[in-house]
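Novice: Just to be clear, the model below is a prediction. Sequence and coordinates:
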Amino acid sequence: MKPRDRLRIAMQKSGRLTEPALELLKRCGLTFRQSRDKLFCFGEGEPVDLLLVRDDDIPGLIAQGVCELGIVGRNVLNEFSLTAGPESEPLAELRPLGFGRCRLSIAVPQEFDYREPAQLAGRRIATSYPGLLGAWLRERGVDAGVVTLAGSVEIAPKLGTADAICDLVQSGGTLVANQLREADVLLESEAVLAGPRNLPADERGDLIELLLKRLDGVIQVRESRLLLLQTPRHALDAVTRLLPGGPQPTLLPVAGQPDQLMLQALCAGEVSWRQLEEIKKAGAREMFVLPVEKMLA
Ligand code: PRP
Ligand code: ZN
């Protein structure tokens, strides 16, 4: 295949990951022209195009070299790695992305008094994740029947085609609606950036490195806040002790007020009203909490 000079990223066409994934790419400086079929979107900012596909197809598209990167649930990526043949290109989770959090769990009908995996021996478990479920059962030496279904897994117990299920749980609403109870967690999942384990050795590889750096900055700042305040020198220790976690604050002199300091601190997370009030009590004033938009270390 002739090497392409543009990068392709695959992501879910419509679903829970679509909006946050587009938002994340935008923050990394990637914007796309909407095409009419909405399957292929031409990238405007950088030589990076978007493929909008079914999430289950994303790992396969990367393995085949149709695209270099994909935004997909860890559950889908790991399932592919477990079930793809040995001849398939190995994939890697390049970055966890911090959204689309959910669990792949065993769920059982209310009357099933589940305490440990061994109780699943000889039972039938319906799932769309035969690879992950099979590996989990094998590791625990449990011999159960795996019933593979493409969807609507949660109704299998009611239909009598399975005794338990193994499916994604986010809010838990689907389980409640089907009188099922979460019994065991196989995998904590979230959206990840997936790619080939061996990055392309041409310009696309360089572009991927660049995107990863931007992504790290975006992920780091997403929860960061910049705290600015003024404090008398004598209160500096007390104020500093109350600062939410983060690197050492920066101190600046205040013109015309030798006993005062400007303090600037990057905080790794929200700064609450309560924290601000405590810091103020310690002597600080003129306090600002600012969102951080970009960061380049
Ligand atoms: C997943 C999963 C459950 C539901 C769980 O389906 O298969 O049905 O979400 O979410 P909840 O705990 O918030 O109810 P999804 O919506 O991704 O659709 P799909 O199964 O068709 O991919
Ligand atoms: Zn799906």
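Specialist: Sure thing, it's come through. Ligands and ions are numbered 1, 2, ... in the order given.

Novice: Write out the residues of the stretch 151-297 of the chain neighbouring ligand 1.
Specialist: Gly151, Glu154, Asp167, Leu168, Val169, Gln170, Ser171, Gly172, Gly173, Thr174 (Cβ under 6 Å from any ligand atom). (Glycine included, C-beta is placed from N, CA and C.)

Novice: so what's the last one up against?
Specialist: Meaning Thr174. By Cβ atoms under 8 Å, 6 or more residues apart in numbering, the contact list for Thr174 reads Glu154, Asp167.

Novice: Just to be sure, it is in a strand?
Specialist: No. Checked against DSSP: H, G, I helix; E, B strand; the rest coil, Thr174 lies outside a strand; its state is helix.

Novice: For the residues of the stretch 151-297 of the chain next to ligand 1, which single residue is the most surrounded?
Specialist: Asp167 (28 neighbours; other Cβ atoms under 10 Å).

Novice: Phi, psi for Phe40 please.
Specialist: phi -130, psi 120 (degrees, to the nearest 10).

Novice: bridging residues for the closest residue to it other than its chain neighbours?
Specialist: Nearest non-adjacent residue to Phe40, counting by Cβ to Cβ, 6 or more residues apart in numbering: Leu51, 6.0 Å away. On the basis of DSSP bridges, Leu51 is bridged to Ala10, Phe40.

Novice: If you tally nearby residues, what's the number for Leu51?
Specialist: Neighbour count for Leu51, taken as other Cβ under 10 Å: 19.

Novice: what's near enough to touch it?
Specialist: Arg8, Ile9, Ala10, Met11, Leu39, Phe40, Cys41, Leu61, Val66, Cys67.

Novice: picking that back up, just checking, which of the residues of the stretch 151-297 of the chain next to ligand 1 belong to strands?
Specialist: Among these, the members falling in strands (DSSP state E) are Asp167, Leu168, Val169.

Novice: Is the first one in contact with Thr127, as I believe?
Specialist: Yes. Between Asp167 and Thr127 a contact is recorded at 6.4 Å, counting by Cβ atoms under 8 Å.

Novice: hey, what's in contact with both of those two?
Specialist: With Cβ under 8 Å, 6+ apart as the test, Asp167 and Thr127 both reach Val153.
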